[in-house]
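>>> Could you look at this predicted model? Sequence included:
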Amino acid sequence: MSEQPPSKRPPGTCVPWDEKRKEIPEIKGDEALVRRVWEETDALAYLYIWHCLLAF
Amino acid sequence: MAAMSTDMEQLYQQRLKRYTTAMRNEKPDMVPIRPFVAEFVAKYAGYTCQEVAHDYEKALDATRRCAADFDWDATVANMVFVWTGLTEAIGLKYYAVPGMQIPADTAFQYIEPPEDDAHMREDEYDPLIDDPTGYLFNVWLPRVAREVRPMGEPTSMGNNLSFVKGGMAMMQYFGALGNQVGRLRSESGTVSAIAGILKGPFDIIADKLRGYKALCMDMFRQPDKVIAACEALAPHLLKVAAMTSDPAKQVPVGLWMHRGCVPFLSPPQFEKFYWPTLKWIIEELWKQGIQTLFYAEGEWNPNLKYIAELPDLSIVYHVDRGDIFEVHKAVGHKFCLSGGIPNDLLAFGTPDEVRTCCKKVIEGVAGDGGYVMDASAIMQDDTKPENVKAMTEATREYGVY
């Protein structure tokens, strides 16, 4: 397989955190927590569409 | 009750050890039996095809009944794999549903993308390659799901509902499958045979995007785009397979292949378009300790030289129409094999003929271990229960080491 260029939407993501972070003016508390939960729920949507394609 | 649950757990552990030992191409205490049974379970339990497709609880119940009645080491939690309740919730256009478009006693049917109106147009390789997930959400899903409105068009209540219903239905269904795995273990000591899902990039394009015939034309008219599309899809298919695989890495990911074998692709076409990205995915999974069940439906023996390139033990090679003895000679030293009992024999033959066939296969390929008993392909409602019983009993009689 040939070398893949970096993707704007890597595997496992729908709206990557870097993109989402630009919309949030300020995070007063634990940013790592906000990021982790965002990525976990984002992955659910990722699995949804890829399961529609693969399994249904 | 406590004694029974302890006995069932002991049985489970015994079966798990038998199954995983064989899959590591070693010799267990006896040949494991791992039938892939779909609408067969409906027939056995007295349900229609409509009932098991549309009400997954009935499919799960029927599977548990079979697991309890037959002495199987492993089976799939639900091999009637498309829950049509979910597909109807979002209005997927590519299924004919038992009891709706087709008779209640006919298994659900998959409908190929129309040649003149494919789900992915011939000039859409670049957006797919550039952003596969975005393409699926923004272009593909609106085309294949009646309820989903295309980008830029006015939305609707149906559109909004489809995402809620689809997402929640999917979570409910996968939750039920998780529960089923536990019940198979606790109620009948049966191992859940596979975990996770994988398909090859070429098959995804053929089955769900361009359609097989249109893709055949693309291989001649825009071959570089086909290859690039396969390469763009591959990391995502790897990701999904890994995310859904067995956390304990004991049972393999199911790989379902449709268009890789003759006569769909010639071996040179297989080598150029189908194999490189699929091989990469299997190898990357194996680097993570995840084995793949290479469910090779059809005649795959012309491609054995490619399959032999895979790392030892990285796959369990399932044989359908290929000569299993030839397969064993070519790759039996590298991989565990499964299957090789023809479905038409199980549907139209006699129990004695089934027993003879099972004995021949066991004696021919299972002598050093590394073999799992199963039919050549998924058993549907034409399979006779007495023949499945014969296959099970023959394995227990002739498959003890």
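Now that the structure is in, tell me what you want to look at.

>>> use CA for all of it now, contacts and neighbours both
Noted.

>>> can you give me the strands in the stretch 201-350 of chain B?
Secondary structure of the stretch 201-350 of chain B (DSSP state E, counting those that start in this stretch): strands located at B:253-256, B:292-296, B:315-319, B:336-339.

>>> now the third one against strand B:292-296, angle please.
Angle, strand B:315-319 to strand B:292-296, by axes from the mean of the first three to the mean of the last three C-alpha atoms, to 10 degrees: 20 degrees.

>>> Okay, buried residues for strand B:315-319 please.
Within strand B:315-319, the residues that count as buried by 16 or more other C-alpha atoms under 10 Å in any protein chain shown are B:315-319.

>>> One more: stretch B:393-401?
Residues of stretch B:393-401 classed as buried by neighbour count (16+ other C-alpha under 10 Å): B:393-396, B:398-399.

>>> Find the closest residue to chain B in chain A.
Closest approach between chain A and chain B, counting by C-alpha to the nearest C-alpha: A:Pro11, at 5.0 Å.

>>> The buried residues of strand B:315-319 into CSV, with extra columns for pLDDT and distance to chain A?
Shown next, in CSV, are these (pLDDT from 0 to 100; distance: C-alpha to the nearest C-alpha, whole Å):
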residue, pLDDT, distance to chain A
B:Ile315, 98, 20
B:Val316, 98, 21
B:Tyr317, 98, 21
B:His318, 98, 20
B:Val319, 98, 22
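
>>> which other helices and strands contact the helix or strand where B:Gly175 lies?
Assessed by DSSP states H and E, B:Gly175 sits inside helix B:157-188. The contact analysis (3 or more C-alpha pairs under 8 Å, 6 or more residues apart in numbering or on different chains; DSSP states H and E) places helix B:157-188 against helix B:2-23, helix B:56-69, helix B:84-90, strand B:191-192.

>>> and among these, the most buried is which?
Most buried of the helices and strands packed on helix B:157-188 by mean neighbour count (mean count of other C-alpha atoms under 10 Å in any protein chain shown) is strand B:191-192; its value is a mean of 25.

>>> returning to that earlier point: of the helices and strands packed on helix B:157-188, which is nearest chain A?
Set against chain A and scored by C-alpha to the nearest C-alpha, these come closest in helix B:84-90, at 6.9 Å.

>>> so who does the most centrally placed residue in chain A touch?
Nearest to the geometric centre of chain A sits A:Thr13, at 3.1 Å (C-alpha atoms, centre = their mean). By C-alpha atoms under 8 Å, 6 or more residues apart in numbering or on different chains, A:Thr13 lies in contact with A:39, A:42-43, A:46.

>>> which two in those are spaced the farthest apart?
The distance between the two most remote of the contacts of A:Thr13 (C-alpha to C-alpha) is 10.2 Å, for A:Glu39 and A:Tyr46.

>>> Which one's more surrounded, the two?
Taking other C-alpha atoms under 10 Å in any protein chain shown, A:Glu39 and A:Tyr46 do not tie; A:Tyr46 has more neighbours (21 against 17).

>>> Spell out the secondary structure type for that one.
At A:Tyr46, secondary structure determined by DSSP: H, G, I helix; E, B strand; the rest coil is helix.

>>> confidence score at it?
Here, the pLDDT recorded for A:Tyr46 equals 98.

>>> In this structure it contacts A:Pro16, no?
No - contact criterion C-alpha atoms under 8 Å: A:Tyr46 and A:Pro16 do not qualify, at 10.9 Å.

>>> got a list of what B:Gly167 touches?
A:Tyr48.

>>> Let me see the contact set for the residue positioned nearest the centre of chain B.
Closest to where the C-alpha atoms of chain B average out (C-alpha atoms, centre = their mean) is B:Trp256, at 4.6 Å. Residues in contact with B:Trp256 (C-alpha under 8 Å, 6+ apart) are B:198-200, B:294-296.

>>> and of those residues, the nearest to B:Tyr173?
B:Leu198 (18.5 Å).

>>> Please give me every residue in contact with the closest one.
A:54, B:237-238, B:240-241, B:253-256.

>>> Highest neighbour count among these?
When neighbours are counted by other C-alpha under 10 Å, B:Val253 leads these with 27 neighbours.

>>> where's it relative to B:Leu346, distance?
Noted for B:Val253: a distance of 26 Å to B:Leu346, by C-alpha to C-alpha, to the nearest Å.

>>> Same check on B:Ala377?
Per C-alpha to C-alpha, B:Ala377 is found 11 Å from B:Leu346.

>>> With adjacent residues omitted, what lies nearest to B:Pro311?
Once flanking residues are discounted, B:Pro311 sits nearest to B:Glu283: 7.2 Å by C-alpha to C-alpha, 6 or more residues apart in numbering or on different chains.

>>> quick one: that neighbour and B:Ile315 touch, right?
No - using C-alpha under 8 Å, B:Glu283 is not in contact with B:Ile315; the gap is 9.5 Å.

>>> Contact residues of chain A facing chain B?
A:1-2, A:4, A:7-9, A:11-12, A:14, A:46-50, A:53-56 (C-alpha under 8 Å from any C-alpha of the partner chain).

>>> who are the neighbours in contact with the closest residue to chain A within chain B?
Nearest residue of chain B to chain A: B:His236, at 5.0 Å (C-alpha to the nearest C-alpha). Residues near B:His236 by C-alpha under 8 Å, 6+ apart: A:11-12.

>>> ok, back up a step: how about the residue of chain A closest to chain B: what's its closest non-neighbour residue?
B:His236 (5.0 Å).

>>> residue farthest from the centroid of chain B?
What lies farthest from the middle of chain B is B:Pro154; by C-alpha atoms, centre = their mean that is 37.9 Å.

>>> so how far is B:Asn138 from that one?
Distance, B:Pro154 to B:Asn138, using C-alpha to C-alpha: 14 Å.

>>> what do you get for B:Ala176?
Per C-alpha to C-alpha, B:Ala176 is found 29 Å from B:Asn138.

>>> Likewise for B:Thr6?
51 Å.
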